[in-house]
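Chemist: after the sequence you'll find the predicted model.
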Amino acid sequence: MDKEKIQDYWFNFLRDKNSLYYPLGDITTFGGEPDKLAHLVYDGIKTATTSAYDLYEPNEYMPQVGDYNIILDGDENPLCITETLVTEIIPFKYVSAEHAYHEGEGDQTLDYWREVHTDFFKKEYQAAGKEFNDEIPCLCEVFKRIY
């Protein structure tokens, strides 16, 4: 990760907004297919994401409404900036078809979302020494690309 390139990108954003400060939430590289997912965000197709709430470390950044996030492509170059609009914690089995659609992946159906996220979360939970089930709490985030 080229921290100088990311910092320059952030400062260019602030200059364009004529602001000295906006709350930078996180510098994000998506799991799974980072380059593909980052470009879906850039193209306005992906406007939501889901993470496993109970796999966050105690001091790890957790998305909050109003945060601005730098989205990195697969080569860890800054591609765009998003603003977090909604965050909510929902059991995996209750993630909605609407949220799945806004994730923008595959055919944008809930069935596709469940298949891909079950596979992804099973691996993440196994790596953490935990067991995945459909009751796990998911942190669902909705955002929009602003830069």
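Modeler: Great, that's in hand.
Chemist: partners of the least confident helix or strand in the chain by mean pLDDT in the sheet?
Modeler: Of the helices and strands making up the chain, the lowest-confidence element is strand 24-28, at a mean of 78, by mean pLDDT, DSSP states H and E. In the sheet, strand 24-28 lines up against strand 68-72 (parallel) (DSSP bridges).
Chemist: tell me which element the closest residue to Asn77 other than its chain neighbours falls in.
Modeler: Nearest residue to Asn77 in three dimensions, chain neighbours excluded: Lys5, at 6.5 Å (C-beta to C-beta, 6 or more residues apart in numbering). Any C-beta I mention is one placed from the backbone N, CA and C, and that applies to glycine too. Taking DSSP states H and E as the definition, Lys5 sits inside helix 3-16.
Chemist: what angle do that helix and strand 68-72 make?
Modeler: 140 degrees (axes from the mean of the first three to the mean of the last three C-alpha atoms, to 10 degrees).
Chemist: show me what helix 3-16 is packed up against.
Modeler: strand 68-72, strand 78-91 (3 or more C-beta pairs under 8 Å, 6 or more residues apart in numbering; DSSP states H and E).
Chemist: packing partners of the longest one?
Modeler: Yep, that's strand 78-91 we're talking about. helix 3-16, helix 34-42, strand 68-72, strand 137-145.
Chemist: mean neighbour count and mean pLDDT added to the helices and strands packed on helix 3-16, as TSV?
Modeler: TSV is the format used below for those (neighbours: other C-beta atoms under 10 Å; pLDDT from 0 to 100):
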stretch	mean neighbour count	mean pLDDT
strand 68-72	22	93
strand 78-91	17	96
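Chemist: I'd like the ones you listed as CSV, with distance to Phe120 appended.
Modeler: Below are these laid out as CSV (distance: least, C-beta to C-beta, whole Å):
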stretch, distance to Phe120
strand 68-72, 18
strand 78-91, 16
